[in-house]
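Asker: prediction below, plus the sequence it came from.
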Amino acid sequence: GALIAVERATHGALEAIVSPKRWPAAVAPHDVMVVGAGFAGAVMARQLADAGFKVLVVDRRPHIGGNAYDRRNDAGLLIHQYGPHIFHTNSDDVFAYLSRFTQWRPYEHRVLADVRGQLVPMPINRTTLNLLYDAGLETEDDVEAFLAARAEPVEPIRTSADVVVSRVGRELYETFFRGYTRKQWGLDPSELDKAVTARVPTRADTDDRYFTDQHQAMPADGYTRMFEAMLGHPGIEILLGVDYVQARGAYPHDHLVFTGPIDEYFDHRFGKLPYRSLGFRHETLEQEWLQSVAVVNYPDEAVPYTRITEYKHLTGDSAPVTSVTYEYPSAEGDPYYPIPREENQALFKRYEALAIAEHDVTFVGRLATYRYYNMDQVVGQALATARRLIPRLHAAKIE
Ligand code: FAD
Ligand code: UDP
């Protein structure tokens, strides 16, 4: 028996109960066990509990929130343990849903890229080009003409290199994308699906926001508080610091919702599905600010980290010190990113075929469906999945 913290959900708040010796006996068999307390698991648990089912949430980490988990550090500043999470969505439904569990702090994300010591807006926009090339571009037409003269048409556009080179040409591609991507993924952009770099647009205007979504905001009291509200339901119990493999036999359940890596669920029987990981270096500096925006990207391949995040910009905290995180991509460690490329998708499809045959198990979330999803997309996927699952579970109960 490892030390296990059980958090029992009560109305609105979570009460921690620690059982150092042995696992707490479940009060009663659960209708559903949910593996993972991130966005996918929390939304599924909440929807199922609201529909009247008894839910047990199990996560092997000692906290809820999955990769969106945030906490106050020793300096009292709110930091994101697993790297910067900025909420943005075009879905009114997703925004309204999460608004049941949190208030919001309006926040529009801005990013600068460090190009040989010069800080310029990223995504590339008119300002970026004028700063780098002293190009004197005054209109959107000027920018389009400037880019068109550099662009190298690629037909068809397949890879993450093609997308960028065909829009801005090889030089800007190398300056902003090649090194960053090679660090972030351990692959050349030519080896990655086009969807990866297509996440980042190139703009002819001077809009320097990272996202243009309709809703852009941070949970006013942080993500973890929002998850506490989501999971704070009398129908939900939570087991933390427990792996599914340990819990599955000990806690009877009629249905399983699995949000961990799909290849792990099936004991890697077709081989490991690649997930990219990151190392985080969290630091608190004895100065009020480090940088003028929340995130500075380092596209230079010789710099070992990809970006530095300064949290006070995101959270609105004020203090004489400042907390920052450096991200160091790595092949080893917790699974963070599915790696979008054809051969991985083919391997995922083999696991997905096994998943479809598991009638008493539902796979949902970024790791279990192997999709490079943002938070809002995971919430949307979980809401849709719950909508389909709930009638099935009701029908099974009546039988
Ligand atoms: P996760 O959050 O990974 O949750 C899965 C949980 O399952 C984990 O807590 C894990 O411990 C648990 N688990 C897995 N296997 C087991 C097991 N066998 N037993 C017990 N527990 C298990 N999205 C945005 O919208 N905006 C951003 O700015 C943004 N920034 C990001 C930055 C980084 C560095 C990363 C890595 C991701 C970022 N994302 C961002 C994406 C966001 O993190 C995900 O979309 C979201 O957190 C996925 O939720 P999930 O529940 O699917 O998975
Ligand atoms: N990217 C890049 N340079 C940048 C920013 C992004 O090459 O300055 C590429 C890189 O491959 C990255 C992808 O675009 O993984 C998507 O960027 P995004 O900021 O959406 O990544 P995330 O926040 O999900 O890590």
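Answerer: Received it, and whenever you're ready, just let me know what you need. Ligands and ions are numbered 1, 2, ... in the order given.

Asker: what does the stretch 151-300 of the chain put close to ligand 1?
Answerer: Asp243, Tyr244, Thr259, Gly260, Leu278 (CB under 6 Å from any ligand atom). Any C-beta I mention is one placed from the backbone N, CA and C, and that applies to glycine too.

Asker: buried subset of those residues?
Answerer: Tyr244, Thr259, Gly260, Leu278 (16 or more other CB atoms under 10 Å).

Asker: export the residues you listed as CSV, with columns for pLDDT, secondary structure and distance to ligand 2.
Answerer: Below are those laid out as CSV (pLDDT from 0 to 100; DSSP: H, G, I helix; E, B strand; the rest coil; distance: CB to the nearest ligand atom, whole Å):
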residue, pLDDT, secondary structure, distance to ligand 2
Tyr244, 97, helix, 26
Thr259, 98, coil, 18
Gly260, 98, coil, 20
Leu278, 98, strand, 9
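
Asker: could you dump these into CSV and include distance to Phe270?
Answerer: Below are those laid out as CSV (distance: CB to CB, whole Å):
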residue, distance to Phe270
Tyr244, 19
Thr259, 20
Gly260, 16
Leu278, 25
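
Asker: buried stuff in stretch 44-63?
Answerer: 44-49, 51, 53-61, 63.

Asker: of the residues you listed, which belong to strands?
Answerer: Mapping the buried residues of stretch 44-63 onto strands (DSSP state E) picks out Val55, Leu56, Val57, Val58, Asp59.

Asker: quick check, pLDDT for the closest residue to the last one other than its chain neighbours.
Answerer: Read it as Asp59. Excluding the flanking residues, the one nearest Asp59 by CB to CB, 6 or more residues apart in numbering is Ala37, at 4.1 Å. pLDDT recorded at Ala37 is 98.

Asker: are we agreed that Ala37 is in a helix?
Answerer: No. Under the criterion used here (DSSP: H, G, I helix; E, B strand; the rest coil), Ala37 is coil, not part of a helix.

Asker: that one: neighbouring residues, count only.
Answerer: Neighbours of Ala37 under the rule other CB atoms under 10 Å: 27.

Asker: strands of the stretch 1-150 of the chain, start to end?
Answerer: Listed in chain order, the strands of the stretch 1-150 of the chain (DSSP state E, counting those that start in this stretch) span 4-9, 14-19, 30-35, 55-59, 70-72, 78-80, 88-89, 104-106, 111-115, 118-122.

Asker: ok, now the stretch 201-350 of the chain?
Answerer: So, for the stretch 201-350 of the chain - with DSSP E, counting those that start in this stretch - the strands run 215-219, 236-240, 253-258, 275-285, 295-297, 307-310, 322-330, 337-338.

Asker: just say which of the ones you listed is most tucked in.
Answerer: Stretch with highest mean neighbour count among those: strand 236-240 (a mean of 24; mean count of other CB atoms under 10 Å).

Asker: direction included, what does that one pair against?
Answerer: Sheet neighbours of strand 236-240, with direction, are listed as strand 4-9 (antiparallel), strand 55-59 (parallel) (DSSP bridges).
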